[in-house]
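Visitor: Okay, structure incoming, though there's no sequence with it:
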Ligand SMILES: [Zn+2]
């Protein structure tokens, strides 16, 4: 069993973050990361069963994070998300910064309060969305310049700004700003981009520590010690408009490993990122068009270089088969729009593979979408009804399909966690590989 608190050093294999560099003041650091812990409770091969503790609760890992781009998982309410057993969700910094604005969200008490979700939230840095704007963005050393997809207004997303926006949002986990690289990329492109990501990560970490230190003193003192009147006004009211309002002092920050599909660059990135000393580490820049086998190879060659006592997050992946295969290579956290986006397009993930509810052969089919599924949708509705809702463009089609797909993904993670404990992960891998390898959808 491996445990960790907020400490920077210790237990790093094969990399070692603490060696050869001065360690920050321990009490300061512990206070900053006080809400974050990770504990591995069981292992099976390289797969790990664990618990990640955040200021808003514990997440059983390996875990899947439903994506709530605009502070809402499309089609379902936070109440339903909690009912499905989701323990953490992801929200997108780029979208929330542009609309309604992170300072507005801070004035409303932070993202959890604003969106009515009191469980953990991870926010991305906004870099991926800004990067995806194509012609509307340019990247230089300072950061990413882009035009808003909403009104064309010009913005500059720097590493420091990405930290500040996420401090305002008050997510439990903030991601560093990284440069995203498309596939394929040459070795030189991957190396240059990875080095810029490292410089950006360094700036992100410095700003993150600075921002935490600037959180209002009043918040750290017992209520009885606080002076009346002026000091009790909300932080946002006392500060100039450019100031940062740290709405979640226990926020953790994850570093990101880049390097395309070049293993040696990935390893160099992992080693240098671990040197910077983040609470945990993500693998970014995958699921961008490379073959699945190549993604598995990169994941499998990268995780050994990340500390065993910190969560490992594979960003933006994937199919149910990708989840199982990546857990087997040491990944603990996932996010992907696939279950929610595909649901809105009528594609359901079932125990018999993918099912396209639009298909005419379901028009008169009284069976539930997945006879083996216990979700609300499958317990109450037939394929014929779901197809009818979809064809009639009813809002309920998106809701019912999304409830089922998220249930399937979250249930997959439950099965994975059980399989790790009981040593049966290989059987699960065979099942999921057979059902969900990336072959064409049923016709
Ligand atoms: Zn179902």
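Guide: Nice, thanks for sending it over. It should be emphasised that the depicted structure is a prediction, and the values quoted were computed from it without experimental measurement.
Visitor: Show me the helices in the stretch 201-350 of the chain, by range?
Guide: 235-238, 263-276, 292-302, 320-327, 338-344 (DSSP state H, counting those that start in this stretch).
Visitor: Check those helices for me and report the most buried one.
Guide: Of all the helices of the stretch 201-350 of the chain, helix 320-327 has the most neighbours on average by mean count of other Cβ atoms under 10 Å, namely a mean of 25. Any C-beta I mention is one placed from the backbone N, CA and C, and that applies to glycine too.
Visitor: how much space is there between residue 272 and the ion?
Guide: According to Cβ to the ion, to the nearest Å, residue 272 and the ion sit 44 Å apart.
Visitor: Surely that residue is in contact with residue 198?
Guide: Yes - if you go by Cβ atoms under 8 Å, residue 272 and residue 198 touch, sitting 5.3 Å apart.
Visitor: before we move on, the earlier item: would you turn the helices of the stretch 201-350 of the chain into a markdown table with mean pLDDT?
Guide: Below are the helices of the stretch 201-350 of the chain laid out as a markdown table (pLDDT from 0 to 100):
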| stretch | mean pLDDT |
| --- | --- |
| helix 235-238 | 46 |
| helix 263-276 | 98 |
| helix 292-302 | 97 |
| helix 320-327 | 97 |
| helix 338-344 | 98 |
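Visitor: Including distance to residue 244, could the ones you listed go into TSV?
Guide: Below are the helices of the stretch 201-350 of the chain laid out as TSV (distance: least, Cβ to Cβ, whole Å):
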stretch	distance to residue 244
helix 235-238	9
helix 263-276	21
helix 292-302	32
helix 320-327	34
helix 338-344	31
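Visitor: Apart from its chain neighbours, what residue comes closest to residue 142?
Guide: residue 158 (5.8 Å; Cβ to Cβ, 6 or more residues apart in numbering).
Visitor: what's the closest of the helices of the stretch 201-350 of the chain to residue 133?
Guide: helix 338-344 (18.8 Å; Cβ to Cβ).
Visitor: Now do the closest one: which elements does it pack against?
Guide: Secondary-structure packing of helix 338-344 (3 or more Cβ pairs under 8 Å, 6 or more residues apart in numbering; DSSP states H and E): strand 347-350, helix 395-422.
Visitor: The last one versus helix 320-327: what angle between them?
Guide: This points to helix 395-422. Between helix 395-422 and helix 320-327, the angle comes out at 30 degrees (axes from the mean of the first three to the mean of the last three Cα atoms, to 10 degrees).
Visitor: Skip ahead from helix 395-422 and say which helix or strand is next.
Guide: Sequence-wise, the next helix or strand downstream of helix 395-422 (DSSP states H and E) is helix 425-436.
Visitor: Buried residues, that following helix. List them.
Guide: Neighbour-count burial for helix 425-436 flags 425, 428, 429, 432, 435, 436 (criterion: 16 or more other Cβ atoms under 10 Å).
Visitor: about what we covered before: okay, the helices and strands packed on helix 338-344 in CSV with mean neighbour count and mean pLDDT next?
Guide: Shown next, in CSV, are the helices and strands packed on helix 338-344 (neighbours: other Cβ atoms under 10 Å; pLDDT from 0 to 100):
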stretch, mean neighbour count, mean pLDDT
strand 347-350, 22, 98
helix 395-422, 21, 98
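Visitor: So which of the ones you listed is nearest the ion?
Guide: Judged by Cβ to the ion, the one of the helices and strands packed on helix 338-344 that comes nearest to the ion is helix 395-422, at 3.7 Å.
Visitor: Could you check the angle that closest one makes with helix 425-436?
Guide: Going by the same axes, to 10 degrees, helix 395-422 makes 150 degrees with helix 425-436.
Visitor: CSV for the helices and strands packed on helix 338-344, including distance to residue 190?
Guide: Output for the helices and strands packed on helix 338-344, formatted as CSV (distance: least, Cβ to Cβ, whole Å):
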stretch, distance to residue 190
strand 347-350, 32
helix 395-422, 30
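Visitor: Does residue 379 fall in a helix, a strand, or a coil region?
Guide: helix (DSSP: H, G, I helix; E, B strand; the rest coil).
Visitor: What's the local residue count around it?
Guide: Neighbour count for residue 379, taken as other Cβ atoms under 10 Å: 9.
Visitor: cool, and residue 152?
Guide: Neighbours of residue 152 using other Cβ under 10 Å come to 8.
Visitor: Could you list which of the buried residues of helix 425-436 also contact the ion?
Guide: Here nothing survives when the buried residues of helix 425-436 are matched to the ion using Cβ under 5 Å from the ion.
Visitor: Can you check the pLDDT for residue 135?
Guide: For residue 135, the pLDDT comes out at 88.
Visitor: err, residue 254, not the other one
Guide: 98.
Visitor: Test my guess that it contacts residue 276.
Guide: No - counting by Cβ under 8 Å, residue 276 is not a contact partner of residue 254; they are 11.0 Å apart.
Visitor: could you redo the buried residues of helix 425-436 as a markdown table and give each row pLDDT?
Guide: Below are those laid out as a markdown table (pLDDT from 0 to 100):
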| residue | pLDDT |
| --- | --- |
| 425 | 98 |
| 428 | 97 |
| 429 | 96 |
| 432 | 95 |
| 435 | 93 |
| 436 | 90 |
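Visitor: Out of those residues, which is nearest to residue 129?
Guide: residue 436 (26.8 Å).
Visitor: right, and that closest one touches residue 318 too?
Guide: No - here residue 436 does not reach residue 318: they are 9.6 Å apart, not a contact under Cβ under 8 Å.
Visitor: Any idea what residue 257 is bridged to?
Guide: residue 283 (DSSP bridges).
Visitor: Which residues are in contact with it?
Guide: 266, 269, 270, 273, 281, 282, 283, 284, 302, 306 (Cβ atoms under 8 Å, 6 or more residues apart in numbering).
Visitor: Touching, the fourth one and residue 201? I think so.
Guide: Meaning residue 273. Yes - with contact defined as Cβ under 8 Å, residue 273 counts as touching residue 201 (6.2 Å).
Visitor: Common neighbours of these two, please.
Guide: Common neighbours of residue 273 and residue 201 (Cβ under 8 Å, 6+ apart) are 255, 256.
Visitor: For the nearest residue to residue 411 once chain neighbours are set aside, which residues are in contact?
Guide: Computed as Cβ to Cβ, 6+ apart, the closest residue to residue 411 that is not its neighbour in sequence is residue 373, at 7.8 Å. Going by Cβ under 8 Å, 6+ apart, residue 373 touches 350, 351, 404, 407, 408, 411.
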